[in-house]
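> I would like the atomic coordinates for the input below:
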Amino acid sequence: MQYIMKGGNPLVGEVVIGGAKNAALGILAAAVMTDETVVIDNLPDVRDINVMLEAIAEIGVIVDRVGKHTVKINGSNIHTVQVDNAYIRRMRAGYYLLGALLGKYRHAEVALPGGCDIGSRPIDQHLKGFRVLQAVTSVEYGRVIADAKQLIGGHVYLDMVSVGATINIMLAAALASGSTIIENAAKEPHVVDVANFLNSMGANIKGAGTDVIRIRGVERLHGTEYSIIPDQIEAGTFMLAAAVTRGDVTVCNIIPKHMEAISVKLQEMGCEVVEFDDSIRVVGKPKLQSCNVKTLPYPGFPTDMQPQISVALALAEGTGIVTESIFENRFKYVDELTKMGAQVKVEGNVAVITGTNQLMGAELVAPDLRAGAALVMAGLAAEGFTTVDAIHYILRGYENFDEKLRGLGAEIDVINDEREAQKFRLRVG
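Alright, predicted model coming up:
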């Protein structure tokens, strides 16, 4: 499957943002930690979420898809704490089941994670946290194993800010004896959402959203109903799509505070950004101005928005510098952008982007989830036709991406072969 698009149309209108994929993955893992039924709403219908649901169903969790965005989960019949199947090996966040199952059963075995190839993402901080809680950890036959006679709260200092480690340790500590402190914790909105979800199940977690999280372990967790926060990265992608196509888009059902790092950069580039209670309007201008961007843990500029803002800088006046401080392999899309006429030089973790007036359509391949979305944005801003291959990456994290773009006036479709591509070209002219 490929996306095919004809660029040149400004995106105009309203788009509704779905639930946060990264919060949902942690919340689904947390949901198995009680024997009572949990109802989760505003769940994004994307591939990563469906893989996670298949993985937990396989270990005995009752998963009832009540609606497209609502699921009922009951973890009272889990028959194995070994999570090792084709599903979980395809995604990264399966490792949250380590913390969840270790907390509930004092033992967990989970296949080593997959996901996007954007550089080394070791789980040493996760394992360090489990060891502080008195668990013994090992890696054998491609599986991570964690085992504890009993989990006892402790003081965890993360050597680096890690969203995954913060959530995983929080899951295990929620059912440990005594108190746990996580210092240098990640402050991302989805960390706060997982903490709020656990608290709604009866956990005692304070300080989520700051760099010190305090957890007093409880004996058991109970059922709950919970609605997931909106997806900060999906929202940011549409905000930048408005900028690069010189459009006028209102991004609805979001928390504007979560978008501040992105809003500020768009204003710096000359866009008009208007905040409302639960939406943001972005008006692109005929000429964008360059700026410098450095990815940082929240509340800094998100690494998951780095490819998208690089596309905007490729179309801006002047030269911008993008410094990637989170993942070391995150510029693989640059070769694809240069096929369109972008002027980008990469040295190590720094990209120097000299703006050009116009990108030209090309045949592109998505190297990962966020870069794939960024290449689609580039295609919508470019002259002529663009195809983006390997869109299974994009489907991991964006629900109805092409439909939402068409709703804003984009000429874009999903095709399977050259005959369908020809039909698209004839139709849009």
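> residue 82 reaches residue 109, doesn't it?
Yes: Residue 82 lies in contact with residue 109 (Cβ atoms under 8 Å); the separation is 4.5 Å. The way it works is simple: take the backbone N, C-alpha and C, and place the C-beta from them, glycine included.
> out of those two, which sits in the busier spot?
Taking other Cβ atoms under 10 Å, residue 82 and residue 109 do not tie; residue 109 has more neighbours (21 against 16).
> A strand includes the more buried one, no?
Yes: per DSSP: H, G, I helix; E, B strand; the rest coil, residue 109 lies within a strand segment.
> nearest spatial neighbour of residue 160, skipping sequence neighbours?
residue 125 (6.7 Å; Cβ to Cβ, 6 or more residues apart in numbering).
> burial check on the one you found, number of neighbours?
20.
> so what's residue 300 up against?
Counting by Cβ atoms under 8 Å, 6 or more residues apart in numbering, residue 300 touches 261, 294.
> from residue 137, how far out is the residue nearest to residue 160?
12 Å (Cβ to Cβ, to the nearest Å).
> tell me if I'm right that residue 225 and residue 42 touch.
No: with contact defined as Cβ under 8 Å, residue 225 does not reach residue 42; the gap is 11.3 Å.
> who has more neighbours out of the two?
residue 42 (19 against 12).
> which non-adjacent residue is nearest that one?
Per Cβ to Cβ, 6+ apart, closest to residue 42 is residue 19, 3.9 Å.
> that neighbour reaches residue 233, doesn't it?
No: counting by Cβ under 8 Å, residue 19 stays clear of residue 233, with 11.8 Å between them.
> quick one: least confident helix or strand in the protein?
helix 86-89 (a mean of 74; mean pLDDT, DSSP states H and E).
> on that earlier part again, so what sits against both of residue 82 and residue 109?
residue 143.
> now do the helix or strand harbouring residue 306: which elements does it pack against?
Secondary structure assignment for residue 306, by DSSP states H and E: helix 306-314. Judged by 3 or more Cβ pairs under 8 Å, 6 or more residues apart in numbering; DSSP states H and E, helix 306-314 is in contact with helix 232-244, strand 293-294, strand 319-323, helix 334-339, strand 343-347, strand 350-354, helix 369-381.
> which ones are touching residue 2?
Contacts of residue 2 by Cβ under 8 Å, 6+ apart are 387-389, 391, 414-416, 421.
> now, of the residues you listed, which are buried?
387-389, 391, 415, 421 (16 or more other Cβ atoms under 10 Å).
> tell me the pLDDT at residue 118?
Among the per-residue scores, residue 118 shows a pLDDT of 44.
> ah, wrong one, I meant residue 328
Residue 328 is given a pLDDT of 77.
> tell me how far residue 150 lies from residue 177.
6 Å.
> who's more crowded, those two?
residue 177 (16 against 10).
> ok, that one touching residue 148?
No: counting by Cβ under 8 Å, residue 177 stays clear of residue 148, with 10.5 Å between them.
> element containing residue 394?
With DSSP H and E as criterion, residue 394 is part of helix 392-395.
> CA atoms only: put that helix into CSV for me.
Output of helix 392-395 as CSV, limited to C-alpha atoms (Å, rounded to 0.1, in the frame of the first residue of the first chain):
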residue,chain,number,x,y,z
HIS,A,392,2.3,0.6,7.5
TYR,A,393,4.6,2.7,9.6
ILE,A,394,2.3,5.7,9.4
LEU,A,395,-0.7,3.5,10.2
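> the helix or strand following that helix packs against which elements?
On the C-terminal side of helix 392-395, the nearest following helix or strand under DSSP H and E is helix 401-407. Contacts defined by 3+ Cβ pairs under 8 Å, 6+ apart place helix 401-407 against strand 12-16, helix 369-381, strand 411-415.
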